[in-house]
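Trainee: predicted model, plus sequence, below.
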Amino acid sequence: MGFAQLRKGLQGRSAKNLILAWGVDGGVLEACRQALDEGFLGEVIVTGPPDQVRKTAEQGHIDLAGFTLHAASDPAEGAAEAVRLIREGRGHVLMKGHLNTSVILRAVVNKETGIRQATLLSHITIVELPTKRLVLLTDAAMNIKPDLTQKAQILDNAIQFAWSIGLANPKVAVLASVETVNPQMQDTLDAAALTLMGYRKQFSKPAIVDGPLAFDNAYSKEAAAQKDINSPVAGQADIFLVPEITAGNILYKSMVYVGGFSVAGVITGAKCPIVLTSRADSSASKLNSIAVACLALETH
């Protein structure tokens, strides 16, 4: 299943409402317009200065039918109001507009007024492979250098998300630079521990976890065979768990800019999926991110 098939599969299902925080971004408004037109969004509530939102839409020739404008005077207020609307049940999906990620995350994790549910929020990149198969990459955007406890939570978030978009019993590749356990390389020790945790069914939903695996072995059955690696995950991973943010960010950007893969981005661990994309991401990436978030809600 690729992104086109995923969006097609949402047709005829109940439309979701999206809250867009500080929506003065033409690319994001365009993606929301397309999602409304394709029918998987029913309403988009945009926080921000109404006149500025209308001007941005006019410059991009974007029809605001189906949009509701909710006044906010600055990005922090726009983020806080968006989170409040989610908390009050006005929307099903939260999306970052033209504001810094740190601003919206502060509103999300606020102890008194936020919407965090899991111990740890984490980012998931959904990647469409050339075979039109969707896989998950985590965490390439939020958690900088997670320890074993944090890696276990990041992985648990990803496993739950995989199930929510139809990837049952996902195969997880815990990535490192080598495929053998080396006591001097903490990433390989963490990978071995996470593999055993999977075997002992310590995650909230079933998954097949294996590591450490270098990326070539996780991605390619042929590469694994050449190294005599006998793994139920090699060459068929549904989830790639990276050891830290630098490796994840390089891998993600290589897939986009060198490989030309289509991607989407969502934060998990909150009351609802949070669509988080870069300003450099295409409108198609933003649209795919909205679609994936809507699909994830179907099991909730």
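Mentor: Arrived safely.
Trainee: only C-alpha atoms for contact and neighbour calcs from this point on.
Mentor: OK.
Trainee: how is this protein divided into domains?
Mentor: Here the domain parsing of the chain from automatic domain parsing is 1-116, 118-269.
Trainee: need those in CSV with mean pLDDT, can you?
Mentor: Compiled in CSV, these are given as follows (pLDDT from 0 to 100):
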stretch, mean pLDDT
domain 1-116, 95
domain 118-269, 95
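Trainee: what segments of this protein are helices?
Mentor: 3-10, 26-38, 50-59, 75-87, 101-109, 148-164, 186-199, 215-219, 221-226, 245-253, 283-297 (DSSP state H).
Trainee: any chance of TSV for those, columns mean neighbour count?
Mentor: As requested, those are exported to TSV (neighbours: other C-alpha atoms under 10 Å):
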stretch	mean neighbour count
helix 3-10	16
helix 26-38	21
helix 50-59	16
helix 75-87	23
helix 101-109	19
helix 148-164	22
helix 186-199	20
helix 215-219	22
helix 221-226	16
helix 245-253	17
helix 283-297	23
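Trainee: a markdown table for the ones you listed, including distance to Phe67?
Mentor: Converted to a markdown table, those look like this (distance: least, C-alpha to C-alpha, whole Å):
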| stretch | distance to Phe67 |
| --- | --- |
| helix 3-10 | 20 |
| helix 26-38 | 9 |
| helix 50-59 | 10 |
| helix 75-87 | 14 |
| helix 101-109 | 20 |
| helix 148-164 | 27 |
| helix 186-199 | 44 |
| helix 215-219 | 41 |
| helix 221-226 | 47 |
| helix 245-253 | 32 |
| helix 283-297 | 15 |
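Trainee: so which of those helices gets nearest Gly66?
Mentor: Within the helices of the chain, the stretch nearest Gly66 is helix 26-38; the backing value is 7.2 Å (C-alpha to C-alpha).
Trainee: for the closest one, which helices and strands make contact with it?
Mentor: strand 41-48, helix 50-59, helix 283-297 (3 or more C-alpha pairs under 8 Å, 6 or more residues apart in numbering; DSSP states H and E).
Trainee: so what's the residue nearest to Ala264 when sequence neighbours are not counted up against?
Mentor: The shortest distance from Ala264 to any non-neighbouring residue, by C-alpha to C-alpha, 6 or more residues apart in numbering, is to Ser289 (4.4 Å). Listed by C-alpha atoms under 8 Å, 6 or more residues apart in numbering, the contact set of Ser289 reads Val263, Ala264, Gly265, Val266, Val275, Leu276, Thr277.
Trainee: now with 10 Å, please.
Mentor: Listed by C-alpha atoms under 10 Å, 6 or more residues apart in numbering, the contact partners of Ser289 are 3, 31, 95, 125-126, 263-266, 273-277, 283, 295.
Trainee: quick check, central residue of this structure?
Mentor: With distances taken as C-alpha atoms, centre = their mean, the residue of the chain nearest its centroid is Val266 (2.4 Å).
Trainee: the residue nearest to it when sequence neighbours are not counted and Asn288, how far apart?
Mentor: Nearest residue to Val266, sequence neighbours excluded (C-alpha to C-alpha, 6+ apart): Val275, at 4.6 Å. Val275 sits at a distance of 10 Å from Asn288 (criterion: C-alpha to C-alpha, to the nearest Å).
Trainee: so what sits against both of these two?
Mentor: Joint contacts of Val275 and Asn288 (C-alpha under 10 Å, 6+ apart) are Ala264, Gly265, Cys294.
Trainee: got the contact list for the closest residue to the last one other than its chain neighbours?
Mentor: Closest residue to Cys294 apart from its sequence neighbours, by C-alpha to C-alpha, 6+ apart: Lys16 at 6.7 Å. Counting by C-alpha under 10 Å, 6+ apart, Lys16 touches 35-36, 39-44, 91-93, 290-291, 293-295, 297-298.
Trainee: so what's Lys16 bridging to?
Mentor: Each beta-bridge partner of Lys16 is listed here: Leu41, as defined by DSSP bridges.
Trainee: ok, it to Ala152 distance?
Mentor: Distance of Lys16 to Ala152, computed by C-alpha to C-alpha: 30 Å.
Trainee: likewise Glu222?
Mentor: 29 Å.
Trainee: again, but for Leu134
Mentor: Where Ala152 is concerned, Leu134 sits at a distance of 22 Å (C-alpha to C-alpha).
Trainee: ok, Ser204 - how many residues close by?
Mentor: With neighbours defined by other C-alpha atoms under 10 Å, the count for Ser204 comes to 12.
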